[in-house]
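Undergrad: Starting from these lines, generate the structure:
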Amino acid sequence: SRNLRQFLAGFFYELRAEEGYLPDLDDLQSALEHACTHHDAASGADLAAAGAALDHVRGNMQGRRKRLAAAAALLPSAQGAARATLLELFSSAYASTADDCGVSRVDAARELVELRRQLGDPQRLYQALGRRALVAAMSADRPTAEQLMAEGRRLERSDWPPRQRDWFRVWVGAVQSRLGDVQGLAQTVRESLALAEQGGLENSAAMMQAEMFELALLEGDLPRAVETGRKAVVSLHRLGMTTTWALTNAYLCSAQALNGELKEAAESARAAQ
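TA: Residues are numbered from 1 along each chain as shown. This is a model prediction of the structure:
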């Protein structure tokens, strides 16, 4: 139904906690299959995007492949905003899952930016620039990645919602991590954490705590890394962000062991397992 699509599309853009949406996942999949059968690209794009958001939060790779396969089937008949929504899935999916569906991540990200320019929505163009910047960085195209990040920063407005500005920094931080720009990444993480706190975005704030922990590791500050890591795993566990919580525990185990905290390291290892 239209209400279900709007309900779940709202989740996709705001990234609220997933528990309230999981009971609708089977209905969403049935609706997506119905849209594919009837070549309803507009409905299918919203449904595929909402399902992919749930898959992302749950860390469900198998579900993601299913959504991408459906999106690939809809792509030839999709136009305008529906096509842009589908291209977002391929430009933010892991390269292997996109390739499995016969869609090039690089081509999808490039077309997405051009389509967003044509559609004239600066906030969505802003996000598309961040997505394409990360794809460029993953392809070792540093000049293009830096050019796209700079364009996004010029486009940004201070009165845009914190979620929009925070999410752009997620892409920028991932680019900086790929390019080895530790100083730039540290600044981006601080900005993102401030925006998450300003907007009451608990999931994003927890993710940024985990990023600050990893930054402390990169900088070799073990005491600060251990302290930050402990705070991050508490927040991630409270919010039910299981995949990130497990990975952060694994990193925390290493930091604690290197810092001589062997008992605590063993506890973190068990939590990660």
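
Undergrad: and His237, what does it touch?
TA: Listed by Cβ atoms under 8 Å, 6 or more residues apart in numbering, the contact set of His237 reads Trp245. For the C-beta atoms, the positions are set from N, CA and C on the backbone; glycine is no exception.

Undergrad: wait, what's in contact with Trp167?
TA: Neighbour list for Trp167: Gln127, Gly130, Ser204 [criterion: Cβ under 8 Å, 6+ apart].

Undergrad: Model confidence at it, what's the number?
TA: Listed pLDDT for Trp167 reads 88.

Undergrad: From the chain's centroid, how far away is the helix or strand where it lies?
TA: For Trp167, the host element (DSSP states H and E) is helix 162-179. Taking Cα atoms, centre = their mean, to the nearest Å, one finds the center of helix 162-179 at 9 Å from the center of the full chain.

Undergrad: Give me the subset of the contacts of Trp167 lying in helices.
TA: Members of the contacts of Trp167 lying in helices (criterion: DSSP state H): Gln127, Gly130, Ser204.

Undergrad: of all these, which comes closest to Val234?
TA: Among those, Ser204 lies closest to Val234 (Cβ to Cβ), at 16.1 Å.

Undergrad: ok, the nearest residue to that closest one once chain neighbours are set aside - contacts?
TA: Counting by Cβ to Cβ, 6 or more residues apart in numbering, Ala196 is the residue found nearest to Ser204 once chain neighbours are left out, at 4.0 Å. By Cβ under 8 Å, 6+ apart, the contact set of Ala196 is Pro162, Asp166, Glu202, Ser204, Ala205, Met208.

Undergrad: now these in JSON lines, with neighbour count?
TA: Below are the contacts of Ala196 laid out as JSON lines (neighbours: other Cβ atoms under 10 Å):
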{"residue": "Pro162", "neighbour count": "17"}
{"residue": "Asp166", "neighbour count": "24"}
{"residue": "Glu202", "neighbour count": "17"}
{"residue": "Ser204", "neighbour count": "22"}
{"residue": "Ala205", "neighbour count": "20"}
{"residue": "Met208", "neighbour count": "27"}
